[in-house]
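K.L.:
No sequence on hand, only this structure:
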């Protein structure tokens, strides 16, 4: 009788890869259930602000809440939030009037969220710093 050694099957690397993807799926689903506003960001729906009519046009097929912030050198910042239907944008004359009131434009900030979430400042889970994000339903920017 030949002396044959039987090897026990090892879990291998497929088990580790499957566990990794399983954890990713569980994390995504739990975020959808418990914190859906964290997945509400749709900045890709905003068109260009310059050389476009209307500026910051909603390019998606669903309505969004969009925010336009004009940051000035004198700290008199202006932020406006609007609900934009598909193909609707901000009013150019309103933007130009806001620019005339500023003491010099430092930068422009835009952010967009799916309905019913509103753009605003949220706390980063890792650093505890405030950053732009989508606020839970019922909350508004202060």
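P.N.:
Structure received. Everything numeric in this text was worked out from a predicted model, so none of it was measured. Numbers count the residues shown, from 1 in each chain.

K.L.:
Who are the contact partners of residue 81?
P.N.:
Going by C-beta atoms under 8 Å, 6 or more residues apart in numbering, residue 81 touches 65-68, 118-119, 141. In this view, the C-beta of every residue, glycine as well, is placed from N, C-alpha and C.

K.L.:
And these, which is closest to residue 135?
P.N.:
Residue 135 lies nearest to residue 118 out of these, by C-beta to C-beta, at 4.9 Å.

K.L.:
phi, psi of that closest one?
P.N.:
Here is the backbone geometry of residue 118 (degrees, to the nearest 10): phi -120, psi 140.

K.L.:
okay, now residue 109: neighbour count?
P.N.:
Residues contacting residue 109 under the criterion other C-beta atoms under 10 Å number 13.

K.L.:
Could you say which helix or strand holds it?
P.N.:
Assigned by DSSP states H and E, residue 109 belongs to strand 105-114.

K.L.:
if we can go back for a sec, out of the contacts of residue 81, which sit inside strands?
P.N.:
65-68, 118-119 (DSSP state E).

K.L.:
mean confidence score for stretch 77-89?
P.N.:
For stretch 77-89, mean pLDDT rounds to 91.

K.L.:
Show me the shaky parts of this protein.
P.N.:
1-11, 139-142 (pLDDT under 70).

K.L.:
Ramachandran coordinates for the residue minimising distance to the centre of it?
P.N.:
Centroid-nearest residue in the chain, with C-alpha atoms, centre = their mean: residue 41, separated by 2.6 Å. The phi and psi values for residue 41, taken as degrees, to the nearest 10, are phi -70, psi 130.
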